[in-house]
Every structure is written in structure tokens, then in C-alpha cells.
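Participant: output the structure for:
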Amino acid sequence: MFTYKIDDEISLKLVDRNDAEDIFQLTVKSRDYLKEWLPWPTYIREVSDTKKFIENSMQNYVDNKSLVTAIIFKGKVAGIASFNSFDWSSRIGQIGYFLGEEFQGHGIMTKVVRALMDIGFKEFRLNKIEIRAATENVKSRKIPERLGFTEEGTLRQVQWLYDHFVDHVVYGMLKDEWVDLN
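Facilitator: Numbering: from 1, shown residues only. Next up, the predicted model:
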């Protein structure tokens, strides 16, 4: 099983069936907060919905299509961080993440994304890592900006969010631009 220790308080672990209840409860507690920028919280109504997500994530990991990890902070599931997809022919990975509302403000996500960059460039030998965020999602955009990603452009009306379309900013980091901080 995939695990990655970031520091004494934060680690990543491949999601598995045992995480279903914790991830579901985190989603329920943070539903309104997450819905501001993500469409899927509306569809997670029962633990079985989270179990389906986990099953798909585990199969995609086996098929080398993605890597979905639970963020563990002080022993609790605090969020999800993942390589949502890989383009192996071009060696590009796309990172996505969310953090429960109660875990905001501890610098967790910056450390987590830096760890995913380490994994992506060192272990997966990616040439490029991308992060996309809604143009108005300032908190999410601060992560790649803080880590030195380049703002590459804006995808117009790329996501339907309940009753309107939102634009996404695309950030990219190339392997030869990456500074290994470990």
C-alpha cells in the first residue's frame, strides 16, 4: 500500500475501504464549504457514495491512471490530495486537492502538494505537473503560486458549478524548474 510521511503531523496514504466513513464524515461536515468550488459534494449523500469513489480510485491506481490519497493530519483524515490523471505519453500529471474546513490555516496543503511534486518528479519521472483552480478560488490558487508554479493561462467556462460556468487558471511546473527542497 502506498504511504508517504511528510512530517511528524502529516502523511499521505492511498485511500482504501477503511477510510470510507472518515472521508464521508469529512465531506458532510465541510459540504457547504466545499460546494463553493466543487460540484461533487452534492452527490455524496451516503457512505456508499464514498465507497464507490474509493473503489474507483483503487482501480484507477491499479490501472496506473491516478493516485488518490487521504491526507492524514494528527491521526485524522483531513482531506484528499491526488494525481487526478496521468498522461504517460507526455509524462504529465494533474494534481487536485481539497481540505476539510476545520483543517484550514495550518499550511497542510502546501506541504502536501510539495510532497506530491516530489513523488511526481522523483518516483513517477514526470516532466510536468499541472494544477487547475477556479479563477475566483483564491485559497486554492495560492498553493501553486506559493510553490513557484507558472500561471500558463485560463480555460474559459470549463466547469459547470450548479447554476453557472466557471473559468479555471492552469498552473504548470516543469521538472527542470523544480527545486528539490528535501
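
Participant: and the nearest residue to K29 once chain neighbours are set aside, how many neighbours does it have?
Facilitator: Distance criterion Cβ to Cβ, 6 or more residues apart in numbering; nearest residue to K29, sequence neighbours excluded, is G100 at 6.4 Å. Placement of C-beta: from N, CA and C, glycine included. For G100, the count of nearby residues is 22 (other Cβ atoms under 10 Å).

Participant: touching, E177 and G148? I think so.
Facilitator: Yes: applying Cβ atoms under 8 Å as the test, E177 and G148 come out as touching, 7.3 Å apart.

Participant: and the residue nearest to K29, what pLDDT?
Facilitator: What the model reports as pLDDT for G100 is 94.

Participant: mind listing what's buried in the lowest-mean-pLDDT helix or strand in the chain?
Facilitator: Least confident element among the helices and strands of the chain, by mean pLDDT, DSSP states H and E: helix 20-35 (a mean of 92). Buried positions in helix 20-35, judged by neighbour count with 16 or more other Cβ atoms under 10 Å: A20, D22, I23, F24, L26, T27, S30, Y33, L34.

Participant: and that helix, what does it pack against?
Facilitator: If you count contacts as 3 or more Cβ pairs under 8 Å, 6 or more residues apart in numbering; DSSP states H and E, helix 20-35 packs onto helix 47-62, strand 76-87.

Participant: in its sheet, what does the shortest one sit against?
Facilitator: Strands flanking strand 76-87 in the sheet, each with its direction: strand 67-73 (antiparallel), strand 92-99 (antiparallel) (DSSP bridges).

Participant: quick one: mean pLDDT for that strand?
Facilitator: For strand 76-87, the per-residue pLDDT averages 97.

Participant: give me phi/psi at I44?
Facilitator: phi -100, psi 100 (degrees, to the nearest 10).

Participant: wait, doesn't it sit right on T50?
Facilitator: Yes: taking Cβ under 8 Å as the definition, I44 is a contact partner of T50 at 6.1 Å.

Participant: more neighbours: which of these two?
Facilitator: When neighbours are counted by other Cβ under 10 Å, T50 comes out ahead of the other of I44 and T50, with 23 against 18.

Participant: spatially nearest residue to that one (excluding sequence neighbours)?
Facilitator: Using Cβ to Cβ, 6+ apart, the closest residue to T50 is F24 (4.1 Å).
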